[in-house]
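**Student:** can't give you the sequence, but here's the structure:
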């Protein structure tokens, strides 16, 4: 089935920027399961509440996020798309692969 | 992987209604107030008659100046040898009008022409000579068009610098820091060089010294050429000129229709780096006092028919003896070359390239290996820029092995060999007759670039 598309989703509520390490580990696990997928993609929908909480703790967002995206792209050859922000709850991550 | 820096700029694009049809159409981008091309003139645009895209050039100018100010200037202050080698420039529209302007632009103008315009029009205005755009690919990225991140401060903080209300596109630079060679007294640029062509006898119109290895295009095409040569029989991109790390200048005929000739001081005869049947010729060193003629024949002194580039003589260096008759001496390690000419030696194999430009072939001899295939203009047969997912160096053809050629994938967007995916860094034997597709998952609408390995004529095995 050349267009077989698989989707996995995860939710992450850990503090920023450590949550990025957890997300990266999760992506690594999914990428390993995906095996010889033709294409992989990760879509993020980040929590505005958690980001604001991180900012209140004096954390910056951009450098860590930029590094995270760059490293995931380099390590797993997949694109990270920031789909948008939602108001509350954990960060949502979706992993897509096309076999 | 390079560093990605994103700069928000304004293209000034807006939508207007067509009075005739009533349809909404993208207007020409408004010239920014500081534009030298105010009123739609082409003096600052550099796209010839596509002067309506002047604002794109101005936007790229602002973005490059911003990158210089934010990142490069400080690094260069710490190390004067610091340079910024750019591999990709992506222009991301933030609204529909800008998206339409970019779609129009990229319909008519190729990445190479835009890069040439940046080198000619923009880089001389940025102090410090620190950008190497010799292998850059320029493309639009339409994802997310129409959704300005400026409206959400958190989103804005996550994905890049603040876009103001006036900003309507983001320019993303993918670059890495490189060391420039130590300044050398021998490198006098091309000061004193003269060009005799249909426009008269003029100095070379180059405002800054290129990076070592950066190929300058000489040719008639005002958009693609770094040095415009106005001659009746000059090709659009007639040849390439570059400086190596040892401060020597090299010329290579790009496979022009009418070829090129070089005369060196103290030599009676000319050597001819072309006509080469549409393939790039062997590089030839331009020693002080050399003359380069943009034609393979010597018929008359007409500047329009036989334009000529004259390198000033030097008391310190004399022309190097060359083997006239046996062809040009193989230059010693011209830097511009991951530039190993793949036709070196007797051809054993032929790689047939099927891309948007049609079908072309690279003869492969044992002496010419290894070499690379990709979009970089350094390559003898560069892949067309329409194949946006193909990297500058996408594939390395390493050596002959039993059954075919050993190849390694260098490009980020992978490849597939005989239908099997190959990731970046993967190696495999490319067997005779197999098709190798340079990108595993091309972008939507991107044409397929396929390479097929064949035995050269006369080398087929007897059955």
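**Tutor:** Okay, I see it. In this text, all values refer to a predicted model and were calculated from it rather than measured experimentally.
**Student:** other SSEs contacting the worst-scoring helix or strand of chain A on mean pLDDT?
**Tutor:** Across the helices and strands of chain A, mean confidence by mean pLDDT, DSSP states H and E is lowest for strand A:79-86: a mean of 79. On a contact count with 3 or more C-beta pairs under 8 Å, 6 or more residues apart in numbering or on different chains; DSSP states H and E, strand A:79-86 meets strand A:39-47, helix A:48-56, helix A:62-76, helix B:153-159. Backbone N, C-alpha and C define where each C-beta goes, glycine included.
**Student:** and the angle from it to helix A:48-56?
**Tutor:** 90 degrees (axes from the mean of the first three to the mean of the last three C-alpha atoms, to 10 degrees).
**Student:** related to what we said a few turns ago, single out the most deeply packed of the helices and strands packed on strand A:79-86.
**Tutor:** strand A:39-47 (a mean of 20; mean count of other C-beta atoms under 10 Å in any protein chain shown).
**Student:** do it and chain B meet at all?
**Tutor:** Yes: using C-beta under 8 Å from any C-beta of the partner chain as the criterion, contacts between strand A:39-47 and chain B involve A:39, A:46.
**Student:** chain center to that strand, what's the gap?
**Tutor:** Chain-centre distance of strand A:39-47: 5 Å, with C-alpha atoms, centre = their mean, to the nearest Å.
**Student:** Sheet partners, orientation included, of that strand?
**Tutor:** strand A:79-86 (parallel), strand A:91-98 (antiparallel) (DSSP bridges).
**Student:** who's in contact with the last one?
**Tutor:** Contact partners of strand A:91-98, identified using C-beta atoms under 8 Å, 6 or more residues apart in numbering or on different chains, comprise A:3-13, A:19, A:23, A:26-27, A:30-31, A:34, A:37-47, A:50, A:86, B:441.
**Student:** neighbours of the closest residue to chain A within the stretch 351-463 of chain B, just the number please.
**Tutor:** Using C-beta to the nearest C-beta, the single residue of the stretch 351-463 of chain B nearest to chain A is residue B:441, 4.5 Å away. Using other C-beta atoms under 10 Å in any protein chain shown, the number of residues around residue B:441 comes to 15.
**Student:** looking at it, it is touching residue A:39, isn't it?
**Tutor:** Yes: taking C-beta atoms under 8 Å as the definition, residue B:441 is a contact partner of residue A:39 at 4.5 Å.
**Student:** just the strands paired with strand A:39-47: most buried one?
**Tutor:** Per stretch, and counting mean count of other C-beta under 10 Å, the top mean among these goes to strand A:91-98, which has a mean of 19.
**Student:** Quick one: mean pLDDT over that one.
**Tutor:** Averaged over strand A:91-98, pLDDT sits at 86.
**Student:** Show me how far that strand is from its chain's centre.
**Tutor:** Its chain's C-alpha centre and that of strand A:91-98 lie 7 Å apart, by C-alpha atoms, centre = their mean.
**Student:** in chain A, which segments are predicted with low confidence?
**Tutor:** Scanning chain A for pLDDT under 70 picks out A:1-5, A:99.
**Student:** doesn't residue B:218 fall inside a strand?
**Tutor:** Yes: under DSSP: H, G, I helix; E, B strand; the rest coil, residue B:218 sits within a strand.
**Student:** Would you check that it makes contact with residue B:231?
**Tutor:** No: counting by C-beta under 8 Å, residue B:231 is not a contact partner of residue B:218; they are 10.4 Å apart.
**Student:** For the two, indicate the residue with more neighbours.
**Tutor:** Counted by other C-beta under 10 Å, residue B:218 and residue B:231 do not tie: residue B:218 has more neighbours, with 29 against 24.
**Student:** sorry, back to before: can you lay out the strands paired with strand A:39-47 as TSV showing distance to residue B:255?
**Tutor:** Listed next are the strands paired with strand A:39-47 as TSV, based on distance: least, C-beta to C-beta, whole Å:
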stretch	distance to residue B:255
strand A:79-86	37
strand A:91-98	39
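**Student:** Between those strands, which one is closest to residue B:198.
**Tutor:** Closest of these to residue B:198 is strand A:79-86, at 49.2 Å (criterion: C-beta to C-beta).
**Student:** tell me how far the closest one is from the chain's mean position?
**Tutor:** Distance of strand A:79-86 from the chain centroid (C-alpha atoms, centre = their mean) equals 8 Å.
**Student:** how big is the angle separating it from helix A:62-76?
**Tutor:** In terms of direction (the same axes, to 10 degrees), strand A:79-86 departs from helix A:62-76 by 140 degrees.
**Student:** intersection of neighbour lists for residue B:218 and residue B:231?
**Tutor:** residue B:294.
**Student:** Measure how buried residue B:427 is and give me the count.
**Tutor:** Around residue B:427 there are 12 residues (other C-beta under 10 Å).
**Student:** May I see the helices and strands packed on strand A:79-86 organised as CSV, with distance to residue B:166 added?
**Tutor:** Compiled in CSV, those are given as follows (distance: least, C-beta to C-beta, whole Å):
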stretch, distance to residue B:166
strand A:39-47, 27
helix A:48-56, 26
helix A:62-76, 21
helix B:153-159, 15
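**Student:** From what I see, residue B:305 and residue B:293 are in contact.
**Tutor:** No: with contact defined as C-beta under 8 Å, residue B:305 does not reach residue B:293; the gap is 10.4 Å.
**Student:** neighbour-wise, which of the two wins?
**Tutor:** residue B:293 (22 against 18).
**Student:** contacting residues around the more buried one?
**Tutor:** For residue B:293, the contacting residues are B:260, B:261, B:262, B:263, B:270, B:306, B:307, B:308, by C-beta under 8 Å, 6+ apart.
**Student:** let's go with 6 Å and repeat that
**Tutor:** For residue B:293, the contacting residues are B:261, B:306, B:308, by C-beta atoms under 6 Å, 6 or more residues apart in numbering or on different chains.
**Student:** Identify the residue spatially nearest to it, adjacent ones excluded.
**Tutor:** Leaving aside its chain neighbours, residue B:293 sits nearest to residue B:261 (4.4 Å; criterion: C-beta to C-beta, 6 or more residues apart in numbering or on different chains).
**Student:** Report pLDDT for the one you found.
**Tutor:** Looking at residue B:261, its pLDDT reads 88.
**Student:** Check the burial of residue B:129 by counting its neighbours.
**Tutor:** Neighbourhood size, residue B:129 [other C-beta under 10 Å]: 16.
**Student:** does it sit in a helix, a strand or a coil?
**Tutor:** Three-state call for residue B:129 (three-state DSSP): coil.
**Student:** Near the residue nearest to residue B:293, how many other residues are there?
**Tutor:** Residue B:261 has 23 neighbouring residues, counting by other C-beta under 10 Å.
**Student:** Pull the contacting residues for it.
**Tutor:** The contact partners of residue B:261, by C-beta under 6 Å, 6+ apart, come to B:270, B:272, B:293, B:296.
**Student:** Verify the stated contact: the second one with residue B:295.
**Tutor:** Okay, so that is residue B:272. No: Residue B:272 is beyond contact range of residue B:295, at 9.7 Å (criterion: C-beta atoms under 6 Å).
**Student:** So between the two, which is more surrounded?
**Tutor:** Ranked by neighbour count (other C-beta under 10 Å), residue B:272 and residue B:295 place residue B:295 first, with 24 against 21.
**Student:** that's a strand at the more buried one, yeah?
**Tutor:** No: per three-state DSSP, residue B:295 lies outside any strand segment and is coil.
**Student:** Now do the contacts for it.
**Tutor:** B:233, B:258, B:306.
**Student:** In strands only, show me those residues.
**Tutor:** Assignment to strands by DSSP state E places none of those there.
**Student:** This completes my enquiry, with thanks.
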